[in-house]
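Participant: following is a predicted model, sequence given first.
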Amino acid sequence: MLIRALLAAAGLLLLATPAFCDQFYIVQDAATKRCAITEQPPPEGTGIIVGDGAYADRSSAEADMKTIHVCIAQQ
């Protein structure tokens, strides 16, 4: 019975784990200087992460992007 409960808990954890891994970044493109929200950090030399680094949800990244000076100047 205990093994069955542990296996069920492990299965639920595996299903929920991808939801915990979502991270969002505010990235300023190196060429155009425009900001965008991405789910992965930019490859080396293509952009700069601005803001507080990785955000747990997209709405937090969007709210912070509205307060970042280099991103506001483009709007």
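Facilitator: Thanks, I have it.
Participant: start to end distance for stretch 41-59?
Facilitator: 17 Å (Cα to Cα, to the nearest Å).
Participant: what does it contact?
Facilitator: Residues outside stretch 41-59 that contact it (Cβ atoms under 8 Å, 6 or more residues apart in numbering) are 22-30, 35, 37, 61, 64-65, 68, 70-71. Quick note: C-beta positions are derived from backbone N, CA and C, even for glycine.
Participant: filter those down to the buried ones and hand me the PyMOL line.
Facilitator: Applying 16 or more other Cβ atoms under 10 Å to the contacts of stretch 41-59 leaves a buried subset, and the PyMOL line that selects it is:
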select buried, resi 24+25+26+27+28+35+37+61+64+65+71
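Participant: in strands only, show me the contacts of stretch 41-59.
Facilitator: Secondary structure assignment by DSSP state E places F24, Y25, I26, V27, Q28, D29, C35, I37 of the contacts of stretch 41-59 in strands.
Participant: so in terms of bridging, what pairs with the first one?
Facilitator: Right, F24. Beta-bridge pairing of F24 under DSSP bridges involves Y55.
Participant: surely it touches I37?
Facilitator: Yes - with the criterion set as Cβ atoms under 8 Å, F24 and I37 qualify as a contacting pair; they are 5.5 Å apart.
Participant: what's the overlap in contacts for these two?
Facilitator: Common contacts of F24 and I37, defined by Cβ under 8 Å, 6+ apart, comprise R58, A61.
Participant: SS state for R4?
Facilitator: Using DSSP: H, G, I helix; E, B strand; the rest coil, the secondary structure recorded for R4 is helix.
Participant: residues near it, how many?
Facilitator: Taking other Cβ atoms under 10 Å as the neighbour definition, R4 ends up with a count of 8.
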